[in-house]
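> Predicted model and sequence below, questions to follow.
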Amino acid sequence: MAKEKANKTQQEQGAPVDVKQFEAALNGREKALDEREQALNERVAALSEKETEFLELKSDFDERKETLAALESTLNKKQDLLKKQEELLNERESALKEEKSPKPPIKKKPIGFEFRGQKYKFSDDAPEKIRILGEVMSQKEIAKDEEVLVHLIGGNSSLIEKVYNNG
């Protein structure tokens with residue numbers, strides 16, 4: 001007990017019990033703290049490197065994003081322009097189709113016939129087939145049907161012309 005009292009007295013007075021042991025303990029703690037600090041510094045350096053790499057990638061990504069947005073805008077404008085050109089071409093095509101005159105019809109010799117002692121013929125602009133009395137008939141069929149002729153001649157149809165002898 002006396003020794004404990006002496007140790008306590010020495011510690012209370014601030015004098016170390018064993019300076020070499022205490023110094024070795026402090027050196028060990030200092031070395032452990034230095035190692036820990038070095039490990040933390042390495043982690044900070046690695047993290048800084050990753051952060052720099054991330055920022056470079058983000059910058060590259062942002063540049064690409066802007067480039068793609070500009071490209072998309074350009075493509076949209078080009079698409080609109082092509083649509084307008086296509087509409088104009090379609091209009092021009094339609095106009096050309098309308099301008100093309102249809103082939104002139106082949107003129108056939110008008111069919112002539114006799115009705116009640118008078119000579120008649122179909123006019124030059126009479127169609128080949130005519131709808132009359134609910135039926136579609138050719139000029140030849142009409143020329144043979146007296147009832148239809150009565151309607152056309154009696155009705156003064158412009159499809160029938162009277163033939164006059166010039167002799």
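Thanks, I have the structure now. Numbering: from 1, shown residues only.
> Give me the most central residue, the protein.
Nearest to the mean C-alpha position of the chain, by CA atoms, centre = their mean, lies residue 79 at 7.7 Å.
> before we move on, which element is that residue in?
For residue 79, the host element (DSSP states H and E) is helix 19-99.
> pLDDT of that helix, averaged?
Average pLDDT, helix 19-99: 92.
> Looking at stretch 136-151 now, give me its mean pLDDT.
The average pLDDT within stretch 136-151 is 88.
> can I get the CA coordinates of it in PDB?
Listed next in PDB are the C-alpha coordinates belonging to stretch 136-151 (Å, rounded to 0.1, in the frame of the first residue of the first chain):
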ATOM      1  CA  VAL A 136     -78.000   2.200-121.500                       C
ATOM      2  CA  MET A 137     -78.000   1.600-125.300                       C
ATOM      3  CA  SER A 138     -75.500   1.900-128.100                       C
ATOM      4  CA  GLN A 139     -76.100   4.200-131.100                       C
ATOM      5  CA  LYS A 140     -76.700   1.100-133.200                       C
ATOM      6  CA  GLU A 141     -79.300  -0.200-130.800                       C
ATOM      7  CA  ILE A 142     -81.100   3.200-130.600                       C
ATOM      8  CA  ALA A 143     -81.200   3.400-134.500                       C
ATOM      9  CA  LYS A 144     -83.100   0.100-134.500                       C
ATOM     10  CA  ASP A 145     -85.600   1.000-131.700                       C
ATOM     11  CA  GLU A 146     -88.500   3.100-133.000                       C
ATOM     12  CA  GLU A 147     -89.900   4.000-129.600                       C
ATOM     13  CA  VAL A 148     -86.500   5.500-128.500                       C
ATOM     14  CA  LEU A 149     -86.200   7.300-131.800                       C
ATOM     15  CA  VAL A 150     -89.700   8.900-131.300                       C
ATOM     16  CA  HIS A 151     -88.500  10.200-127.900                       C
END
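> for that stretch, the distance to its chain's centre please.
From the chain centre to the centre of stretch 136-151 is a distance of 60 Å (CA atoms, centre = their mean, to the nearest Å).
> So for that stretch, what gets flagged as buried?
Buried residues in stretch 136-151, counting neighbours by 16 or more other CB atoms under 10 Å, are found at 137, 139, 142, 143, 145, 148, 149. Yep, even glycine has a C-beta here, placed from its N, CA and C like the rest.
> Which of those fall within helices?
Judged by DSSP state H, helices contain the following of these: 139, 142, 143, 148, 149.
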